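> Generate a structure from the sequence data that follows.
(one chain, ligands or ions: 2)
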Amino acid sequence: MSILVTGGAGFIGSNFVLDWLKHHDEPVINLDKLTYAGNLENLASLKNDSRHIFVQGDIADQRQIDRLLEQYQPRALINFAAESHVDRSIHGPRDFIQTNIMGTFTLLDSARGYWSRLDGPRRQEFRFLHVSTDEVYGSLEPGEPAFSETHRYEPNSPYSASKAASDHLVRAWYHTYGLPVLTTNCSNNYGPYHFPEKLIPLLIVNALAGRPLPVYGDGRQVRDWLYVTDHCSAIRRVLEAGIPGEVYNVGGWNEKTNLEVVHNVCNLLDELCPRADEGSYIQQITHVADRPGHDRRYAIDARKLERELGWTPAETFETGIRKTILWYLDNPQWVERVQSGAYRDWVSQNYEGRV
Ligand code: NAD
Ligand code: TYD
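Residues are numbered from 1 along each chain as shown. Ligands and ions are numbered 1, 2, ... in the order given. Predicted coordinates:
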């Protein structure tokens, strides 16, 4: 028995692979294209672990997917692979359409062929789990109830539109072909191995390097934050007990404005790694031009997952953010190495001229 994971060298995927092998002995086949966001260093602790089989490849390459499914005969496919950064989708949407839509289509089509050839019990057991986002539901007004699984789809960015399209394809493969799919829509994750283009790791690495902490617009946008291993435990639970064709929202009940997050990170850094000049990291906060089409508020209603599958998050925002900051302080080499030339090019593309 094995599972096939795609995008397992990215932030959530690598946390999932590490977490899976902590809880199971079942091997993981990890297919990842190793784009700028994929980093095998995240999986360095598995170097001599025969339960982890890494394959470099593209989810839109049907021949490679077909070959992997035939070779390893996995009992499940978990799709993390995606272009995942909203700001990059604004600068260059094409890769998002290709990977998130065409890639998911290719995986579904290959999985359907493979699944239809399985015999009785293995066919019954097979699952295709698609990892998606709360951003497909659009933006909430203050005071509106959190997103439930039946909230209408209203994506606003090229990223969320491409994820919404992939969710619709997954749904269609269940209704039309009977492929046993599961979809999870999760809120903003944070934790170890998070590439510093997203808000929380960007704040940590910029603060420590003495650089400005860029807050888009007024900073009063709201996100719901979930510690990444809580997302991993939710996916494990949905894979184990989720009903095919169902959608499960995953969230941490931690709605925070961006300014609250920035202040939280600065206060913890002041405590754990004080500035040499005894000033506060808060002095580095800089308001910059807003993101075009910036969603104002996301909030997730995760009661279905709690009620039907008994999942609850283990971390609060306070415990999770402390663990995260400690991880970044303990791993300066990882932090140093991910800030390559390509990373610096992205930073100048996104932030120069934004003030
Ligand atoms: P990430 O950008 O850190 O990692 C994506 C991984 O996919 C990388 O390793 C990359 O190399 C790989 N990849 C990209 N294109 C590929 C392709 N064509 N073929 C194979 N591999 C490819 O993303 P993440 O933050 O780990 O997100 C993982 C998944 O979870 C995504 O589907 C994302 O939409 C979803 N999600 C993310 C969040 C979040 O807060 N980060 C929240 C909810 C859902
Ligand atoms: P991000 O981590 O990119 O996730 P998402 O856009 O998927 O929610 O951004 C989180 C929030 O932080 C979002 O409202 C945009 C904001 N933000 C900033 O204010 N400054 C930044 O430099 C970045 C990257 C994000």
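
> Whichever residue of the stretch 1-150 of the chain sits closest to ligand 2: what's it in contact with?
Per C-beta to the nearest ligand atom, Val86 is where the stretch 1-150 of the chain lies closest to ligand 2, at 4.1 Å. Quick note: C-beta positions are derived from backbone N, CA and C, even for glycine. Val86 makes contacts with Glu135, Ser157, Tyr159, Ser160, Arg291, as judged by C-beta atoms under 8 Å, 6 or more residues apart in numbering.

> Out of these, which sit inside helices?
If you go by DSSP state H, the contacts of Val86 have Tyr159, Ser160 in helices.

> Phi first, then psi, for Val262.
phi -60, psi -40 (degrees, to the nearest 10).

> my guess is it contacts Pro212, does it?
No: the criterion here is C-beta atoms under 8 Å, and Val262 misses it with Pro212 at 11.3 Å.

> So if I had to pick from those two, which one is more boxed in?
Higher neighbour count among Val262 and Pro212: Val262, with 23 against 15, using other C-beta atoms under 10 Å.

> Phi, psi for Phe105 please.
Backbone geometry at Phe105, expressed as degrees, to the nearest 10, gives phi -60, psi -50.

> before we move on, what about Tyr248?
According to degrees, to the nearest 10, Tyr248 has phi -130, psi 120.

> Near ligand 2, which residues of this structure? Just list them.
Neighbours of ligand 2 within the chain, by C-beta under 6 Å from any ligand atom: Val86, Asn188, Lys198, Leu199, Leu202, Pro214, Val215, Tyr216, Gln221, Arg223, Asn258, Arg291.

> among the residues you listed, which are within reach of ligand 1?
Asn188.

> related to what we said a few turns ago, now do the shared contacts for Val262 and Pro212.
Ile285.

> Sketch out the helices for the stretch 51-200 of the chain, chain order is fine.
Along the stretch 51-200 of the chain, counting by DSSP state H, counting those that start in this stretch, helices occupy 62-72, 86-91, 94-96, 104-116, 120-125, 158-177, 199-208.

> any idea of the mean pLDDT for the longest one?
Okay, so that is helix 158-177. The pLDDT scores in helix 158-177 average 99.

> Could you check the angle that helix makes with helix 104-116?
Using axes from the mean of the first three to the mean of the last three C-alpha atoms, to 10 degrees, the inter-axis angle of helix 158-177 relative to helix 104-116 is 30 degrees.

> Just the CA atoms of helix 158-177, as CSV, please.
Extracted in CSV, the C-alpha atoms of helix 158-177 (Å, rounded to 0.1, in the frame of the first residue of the first chain):
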residue,chain,number,x,y,z
PRO,A,158,-6.5,34.7,-10.8
TYR,A,159,-5.2,32.3,-8.1
SER,A,160,-8.6,31.8,-6.5
ALA,A,161,-10.4,31.6,-9.9
SER,A,162,-8.0,28.9,-11.0
LYS,A,163,-8.5,27.0,-7.7
ALA,A,164,-12.3,27.4,-8.1
ALA,A,165,-12.1,25.9,-11.6
SER,A,166,-10.1,23.0,-10.2
ASP,A,167,-12.7,22.4,-7.5
HIS,A,168,-15.4,22.3,-10.1
LEU,A,169,-13.5,19.8,-12.2
VAL,A,170,-13.1,17.6,-9.1
ARG,A,171,-16.8,17.8,-8.4
ALA,A,172,-17.7,16.9,-12.0
TRP,A,173,-15.4,13.8,-12.0
TYR,A,174,-17.5,12.6,-9.0
HIS,A,175,-20.9,13.3,-10.4
THR,A,176,-20.1,12.2,-14.0
TYR,A,177,-17.7,9.3,-13.6
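
> How far off centre is that helix?
Averaging C-alpha positions (C-alpha atoms, centre = their mean, to the nearest Å) puts helix 158-177 17 Å from its chain's average.

> any bit of that helix sitting next to ligand 1?
Yes: Helix 158-177 is in contact with ligand 1 by C-beta under 6 Å from any ligand atom, via Lys163.

> Tell me which other helices or strands that helix touches.
Contact here means 3 or more C-beta pairs under 8 Å, 6 or more residues apart in numbering; DSSP states H and E; on that basis helix 158-177 packs against helix 86-91, helix 94-96, helix 104-116, strand 127-133, strand 181-186.
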